[in-house]
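Chemist: Let's see this in three dimensions:
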Amino acid sequence: MRTEQEMMELILRVANADERIRAVSMEGSRANPAVQKDKFQDYDISYYVTDVAPYFNNPEWIFANFGKPLIMQMPENLREADNDGDFCYLIIFPDGNRIDLGIKAEAYIDDGEPSITLLDKDNGNGFRPEMPLHDDKFWHIKPPTLLDWVSCTNNFWWCLGTVRKCMNNLPPHFPVAIMMKFGQQSILCATCFMWRQRWWHLIFPLNIAKMKKTAYANICGW
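Modeler: Numbering: from 1, shown residues only. Next comes the predicted model:
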């Protein structure tokens, strides 16, 4: 497996060789000073470019510059794509290294997420403004409130009525699906509330990172 230094040299070598790539940033766990490093961390990289079009749905560009991946996903080619004008390559190489490479044509907006500027050809006057190094509070989930408890328990009992109705005139898998999709989320939310009441001081603040934070937010409305 290539070392962190080798991977960073590769990422920056590709960017330096292409004048259309004006800046490079790194997000995710490798940009978070509170996270202990390990060799399996992804490289969450953003290339800021003058025009996304030459890089859009162009795996040959990846092959030519980074080598052939073991497996690669292009979310914009799949259903539920963001369709925001950017393009992303999720790449796992044969040596086990992974790069999540975002190609962007808009200036970075500082929302508090830990982010490190690796390269800025425009010296702060282009895609990457000068900004402080943030801590990981961006990823801390918020304590659930009493309203969260009332909302999720109310929804659980409401779902039971729907399940009972479906049992009368629909195949068995349908009420099970309703219970798993909606009722289970309500139970998880209620469990989170009970954690808050008894063990909040032990488990929070808790950094659960990008995907998990989103998942908890969807379940509990935080």
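Chemist: Every contact and neighbour count from this point should use C-alpha atoms.
Modeler: OK.
Chemist: Make sure I have this right: Glu9 is in a helix.
Modeler: Yes. Under DSSP: H, G, I helix; E, B strand; the rest coil, Glu9 sits within a helix.
Chemist: for the protein, longest helix please?
Modeler: helix 146-169 (DSSP state H).
Chemist: Now do the SS call for Val24.
Modeler: Per three-state DSSP, Val24 ends up strand.
Chemist: Which strand residues bridge it?
Modeler: Under DSSP bridges, the beta-bridge partners of Val24 are Tyr47, Leu119.
Chemist: pretty sure it contacts Tyr43?
Modeler: No. Using CA atoms under 8 Å, Val24 is not in contact with Tyr43, being 11.9 Å away.
Chemist: looking at the chain, which residue lies furthest from center?
Modeler: Asn168 (41.0 Å; CA atoms, centre = their mean).
Chemist: Let me know the distance separating it from Asp86.
Modeler: 47 Å (CA to CA, to the nearest Å).
Chemist: Also Asp44?
Modeler: Distance from Asp44 to Asp86, by CA to CA: 15 Å.
Chemist: Now Val176: which helix or strand?
Modeler: helix 173-178 (DSSP states H and E).
Chemist: Give me the packing partners of that helix, helices and strands only.
Modeler: Here helix 173-178 touches helix 146-169, going by 3 or more CA pairs under 8 Å, 6 or more residues apart in numbering; DSSP states H and E.
Chemist: Dump the helix it packs on to CSV, restricted to CA.
Modeler: Only the C-alpha atoms of helix 146-169 are listed here, as CSV (Å, rounded to 0.1, in the frame of the first residue of the first chain):
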residue,chain,number,x,y,z
LEU,A,146,-38.5,16.8,24.3
LEU,A,147,-40.1,17.7,21.0
ASP,A,148,-38.0,15.0,19.3
TRP,A,149,-39.3,12.5,21.9
VAL,A,150,-43.0,13.5,21.4
SER,A,151,-42.6,13.5,17.6
CYS,A,152,-41.0,10.1,17.3
THR,A,153,-43.3,8.3,19.8
ASN,A,154,-46.4,9.9,18.2
ASN,A,155,-45.2,8.7,14.8
PHE,A,156,-44.6,5.2,16.0
TRP,A,157,-48.2,4.8,17.3
TRP,A,158,-49.4,6.4,14.1
CYS,A,159,-47.5,3.9,12.0
LEU,A,160,-49.1,1.0,14.0
GLY,A,161,-52.5,2.1,12.7
THR,A,162,-51.3,2.1,9.2
VAL,A,163,-49.8,-1.4,9.7
ARG,A,164,-53.0,-2.7,11.1
LYS,A,165,-55.0,-1.3,8.1
CYS,A,166,-52.6,-2.9,5.6
MET,A,167,-52.8,-6.3,7.3
ASN,A,168,-56.5,-6.5,6.2
ASN,A,169,-56.1,-6.1,2.5
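Chemist: Thank you kindly, that will do.
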